[in-house]
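# I would like to see how this sequence folds:
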Amino acid sequence: MSQISNYTYDEITIGQTATYSKQIENRDIQLFAALSGDVNPVHLDAAFAAGTQFKECIAHGMLSGTIISAAIAMKLPGPGSIYLGQSLRFRLPVKAGDTITVTLQVTEKKDKRCIVILDCKVLNQHGKRVLTGTAEVMAPTEKLVLESPEPPRVHIGD
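Residues are numbered from 1 along each chain as shown. From the prediction side, this is the model:
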């Protein structure tokens, strides 16, 4: 089993970066719809989506936003982080089969509450920017090295 670790507030430097990638699968879109209740047909109905400007189903914008959350939780600052806020700007659609890569960059540190401000950029596999934003995160003060938990197994019934 692999391990995950964090960066403590004191270890984090302005300009520090981290990346995290995930391929978005149709299953992810279905799970997000089930979890969120957002069953907009542009995400789930190929015939409906064919008549839109996208011409096919697209992932929920907030699904891409949750990949930023994963990057923060798993990479920078990592386990023990407390996500305080996020601004997002959706630039291009993400579709099933796309691989998106989040790049986080530390732009500011606020010593009083151990807060870091992260510039967030999300690119697709073609290097096109699909999402940008800024996150505010309370960084951990204790170093953690943990066994990486396995993702829960979930079955989607037809």
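# Which helix runs longest in the protein?
Longest helix of the chain, by residue count under DSSP state H: helix 61-74.
# got any ranges where this protein has weak pLDDT?
Residues of the chain that meet the criterion pLDDT under 70 lie in 158.
# List the contacts of residue 92.
Taking Cβ atoms under 8 Å, 6 or more residues apart in numbering, we find residue 92 in contact with 124, 128-130. For glycine as for every other residue, the C-beta is placed from the backbone atoms N, C-alpha and C.
# same check, this time on residue 10
The contact partners of residue 10, taken as Cβ under 8 Å, 6+ apart, are residue 141.
# So residue 140 lies in a strand, does it not?
No - going by DSSP: H, G, I helix; E, B strand; the rest coil, the assignment for residue 140 is coil, not a strand.
# And it, how close does it get to residue 86?
For residue 140, the distance to residue 86 equals 18 Å [Cβ to Cβ, to the nearest Å].
# What backbone torsions are found at the residue lying closest to residue 130 once chain neighbours are set aside?
Spatial nearest neighbour of residue 130, excluding adjacent residues (Cβ to Cβ, 6 or more residues apart in numbering): residue 92 at 4.5 Å. In terms of degrees, to the nearest 10, the main-chain angles of residue 92 are phi -140, psi 150.
# Pull out the buried residues from the longest helix of the chain.
Judged by neighbour count (16 or more other Cβ atoms under 10 Å), helix 61-74 contains these buried residues: 61, 63-65, 67-69, 71-74.
# again with stretch 18-25
Across stretch 18-25, burial judged by 16+ other Cβ under 10 Å covers 18, 20, 22, 24.
# Convert the C-alpha atoms of that stretch to CSV, please.
Extracted C-alpha coordinates of stretch 18-25, given in CSV (Å, rounded to 0.1, in the frame of the first residue of the first chain):
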residue,chain,number,x,y,z
ALA,A,18,1.8,20.7,-7.1
THR,A,19,-0.1,18.8,-9.8
TYR,A,20,-2.8,16.2,-9.7
SER,A,21,-4.4,14.4,-12.7
LYS,A,22,-7.6,12.4,-13.2
GLN,A,23,-9.3,10.9,-16.2
ILE,A,24,-13.0,11.8,-16.1
GLU,A,25,-15.1,8.7,-16.9
